[in-house]
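**Student:** coords please:
(chains A and B)
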There are 2 protein chains.
Amino acid sequence: MNVYFACSITGGRAFEAVYQAITHALAEDGFVIPTAHLAETGVIDEEKTIEPRVVFERDVNWIRGAQALIAEVSAPSHGVGYEIGYALELGKPVLCLYEQGRTVSKMITGNPHPKLWVKSYKNPENAVNLAREFLSQIKLYL
Amino acid sequence: MNVYFACSITGGRAFEAVYQAITHALAEDGFVIPTAHLAETGVIDEEKTIEPRVVFERDVNWIRGAQALIAEVSAPSHGVGYEIGYALELGKPVLCLYEQGRTVSKMITGNPHPKLWVKSYKNPENAVNLAREFLSQIKLYL
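**Tutor:** I've put the predicted structure just below:
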């Protein structure tokens, strides 16, 4: 089971610990997360060396090959906003998670797409639980 | 001629002066910019009072009714990233403008869509000229 994890890279890394809690927990559950390296510290320098076109094609192909997309949306990001729309267009279930109290774009919170879940979390453990609940609801746990 | 102008709201307002330079200039040229109020100072408080679903439906309908979309992408934004993808999906020409030296998501700079233009500007006047050049190239000037 492939799950695409989307998080802010150039838009800010203040929520890196949450990104890692989610990707590590889901990897332990047996999910393949092609974007897991984007949650790790130092990814900005690493991604800088890759051509934009290569990153775009890579990420789009990973979304096509995933059964679902989970996005952490506490820190704003053009890329993540684009990816959420792209996954929904393909009919993939999408979960957007944000830290309680953060303001999230109304293009996300106001989107009535039936395959979009938007949830706030209190701490990294809570975020992990919400991710697992989502994957369970869309029947990705065997 | 309707042009949708997209800019960061919750993601940061550091480039508000550029937003206003663009929307004011295009309005002077005779374009209808349904989102012109989003470029104005104080828009965050104003938009806070509107239901997310209403903002989403309003913005999506405005994109559908526009001949082109111009996005200022110097400050990250989920909403703007979503809107860029949505407009391209509908086949609308899109111009993304950013201040020289800013890092922009590779989901924008690496996107090979034939209707997407991505340009950097030096100052607000230069941004206005690039917007006019784009609208001229896609033949929206009569």
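**Student:** run through who's touching the helix or strand of chain A with the lowest mean pLDDT.
**Tutor:** None of the helices or strands of chain A scores lower by mean pLDDT, DSSP states H and E than helix A:43-48, at a mean of 83. Here helix A:43-48 makes contact (C-beta atoms under 8 Å, 6 or more residues apart in numbering or on different chains) with A:Ile9, A:Thr10, A:Arg13, A:His37, A:Leu38, A:Val55, B:Lys106. All C-beta atoms are positioned from the backbone trio N, CA, C, and that covers glycine.
**Student:** is it true that A:Ser74 touches A:Tyr98?
**Tutor:** Yes - applying C-beta atoms under 8 Å as the test, A:Ser74 and A:Tyr98 come out as touching, 4.6 Å apart.
**Student:** joint contacts of those two?
**Tutor:** Contacts common to A:Ser74 and A:Tyr98, judged by C-beta under 8 Å, 6+ apart, are A:Val104.
**Student:** SS state for the residue sitting nearest the centre point of chain A?
**Tutor:** Chain A has A:Ala71 as the residue nearest its centroid, 2.4 Å off, counting by C-alpha atoms, centre = their mean. When classified by DSSP: H, G, I helix; E, B strand; the rest coil, A:Ala71 comes out as strand.
**Student:** so is stretch A:78-98 next to chain B?
**Tutor:** Yes - counting by C-beta under 8 Å from any C-beta of the partner chain, chain B is contacted by stretch A:78-98 at A:His78, A:Gly79, A:Val80, A:Gly81, A:Tyr82, A:Glu83, A:Ile84, A:Gly85, A:Tyr86, A:Glu89.
**Student:** picking up where we left off before, of all pairs in the contacts of helix A:43-48, which one is the farthest apart?
**Tutor:** Greatest spacing in the contacts of helix A:43-48, by C-beta to C-beta: A:Arg13 and A:Val55 (16.7 Å).
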